[in-house]
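In: what's the 3D shape of this:
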Amino acid sequence: DAAVDEWAAVSTERAGDRPTANGLLVEISDSLVEMRGDRAGHDDRAVVTALVRVAGRRAIVLALDRNSAPGPAGFRKARRAVAVATRLDLPLVTLIDTPGADPAEESEAGGVAWEIAGLTEALLTAPVPVLTVLTGEGGSGGGLAFAVGDVLLAYTSSIFSIIRPEAAAEILWRDTRRAPEAAQLLKPSAHDLLRFGIADALVDEPLSATALQRVVAYHLDLLGSDARSRGEWAHQRRKRWRRSGT
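Out: All right, here's what the predicted structure looks like:
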């Protein structure tokens with residue numbers, strides 16, 4: 001395989017004109033009913049959850065805002081949406097584009113790590129199909145929590161990493177200027193996701209609402225034609241993520 005310029009992939013993904021996942025959600029939906037709040041008095045706008053129709057297909061969608069970092073309330077809201085999808089027997093779609101969870105002291109004190117784990121568990125055990133589309137950046141555990149689905153698609157300019165290259169460079173060498181070097185070690189590019197078996201397929205750029213709508217509708221149809229029982233979805237999903245990347 002040809003070598004990937006990982007820092008170039010990071011720089012391309014971070015271009016300021018890239019559409020946000022939550023903005024794309026509105027554009028791809030024939031109809032949309034947003035579900036606000038975490039049932040604990042908060043509504044984190046870094047996460048948008050909605051009951052939608054995409055090209056006639058009903059689904060519950062969780063979309064992330066690349067310009068915000070979700071805190072505890074955002075993960076609770078997402079978990080609430082997973083519960084609604086379970087009750088209504090609707091597929092789940094996650095649109096991922098986030099720098100990661102909010103690292104602020106208030107967020108940490110509010111149990112953001114616990115809420116990330118809670119959402120990860122909720123998606124892994126959901127008895128309905130889960131389609132994940134990486135539209136931009138999947139940063140750290142905050143991005144991973146939304147990614148543990150049955151099918152993971154990645155746009156060719158997207159990136160996914162346990163830590164941002166700048167933070168990795170600071171930890172490894174105490175020098176953020178070595179971020180390009182850290183990126184080569186992290187291998188966050190979409191092409192690497194496919195090579196490592198984490199992504200199931202890549203989606204060609206450009207990232208547009210029309211193309212995304214077609215992709216989501218097509219894969220919802222594929223998942224909808226699967227004869228798996230409700231219990232089998234969660235069982236197979238857990239197996240997938242235990243072996244993913246190995």
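In: quick one: low-confidence parts of the chain?
Out: Residue ranges of the chain with pLDDT under 70: 1-3, 244-246.
In: Would you map the strands across it?
Out: 31-35, 47-54, 57-64, 92-98, 130-139, 151-155, 159-161, 201-203 (DSSP state E).
In: Between these, which one is closest to L172.
Out: Proximity to L172 (CB to CB) singles out strand 159-161 among the strands of the chain, at 13.9 Å. C-beta coordinates here come from the backbone N, C-alpha and C atoms, glycine included.
In: thought R80 was touching D38?
Out: Yes: using CB atoms under 8 Å, R80 is in contact with D38, at 6.3 Å.
In: Okay, the nearest residue to Q213 once chain neighbours are set aside and P99: tell me how far apart.
Out: Using CB to CB, 6 or more residues apart in numbering and skipping the chain neighbours, the partner closest in space to Q213 is I28 (4.1 Å). Distance, I28 to P99, using CB to CB, to the nearest Å: 23 Å.
In: Tell me who's in contact with the residue nearest to S107 when sequence neighbours are not counted.
Out: Closest residue in space to S107, ignoring its immediate chain neighbours: G71 at 4.3 Å, by CB to CB, 6+ apart. Counting by CB atoms under 8 Å, 6 or more residues apart in numbering, G71 touches 44, 46, 101-102, 104, 106-107, 110, 112.
In: can you pick the most crowded of those residues?
Out: Per-residue neighbour counts (other CB atoms under 10 Å) across the contacts of G71 peak at A101, which has 26 neighbours.
In: Which residue lies closest in space to it, excluding its sequence neighbours?
Out: G142 is the one closest to A101 (CB to CB, 6+ apart), at 3.3 Å.
In: Check P188 too.
Out: P188 sits nearest to S161 (CB to CB, 6+ apart), 3.7 Å away.
In: returning to that earlier point: any chance of the strands of the chain in a markdown table, plus distance to L194?
Out: Converted to a markdown table, those look like this (distance: least, CB to CB, whole Å):
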| stretch | distance to L194 |
| --- | --- |
| strand 31-35 | 31 |
| strand 47-54 | 24 |
| strand 57-64 | 21 |
| strand 92-98 | 16 |
| strand 130-139 | 11 |
| strand 151-155 | 7 |
| strand 159-161 | 11 |
| strand 201-203 | 6 |
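In: With distance to N22 and mean neighbour count as new columns, can those strands be given to me in JSON lines?
Out: JSON lines is the format used below for the strands of the chain (distance: least, CB to CB, whole Å; neighbours: other CB atoms under 10 Å):
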{"stretch": "strand 31-35", "distance to N22": "10", "mean neighbour count": "13"}
{"stretch": "strand 47-54", "distance to N22": "4", "mean neighbour count": "23"}
{"stretch": "strand 57-64", "distance to N22": "4", "mean neighbour count": "25"}
{"stretch": "strand 92-98", "distance to N22": "7", "mean neighbour count": "28"}
{"stretch": "strand 130-139", "distance to N22": "10", "mean neighbour count": "26"}
{"stretch": "strand 151-155", "distance to N22": "16", "mean neighbour count": "23"}
{"stretch": "strand 159-161", "distance to N22": "18", "mean neighbour count": "27"}
{"stretch": "strand 201-203", "distance to N22": "18", "mean neighbour count": "16"}
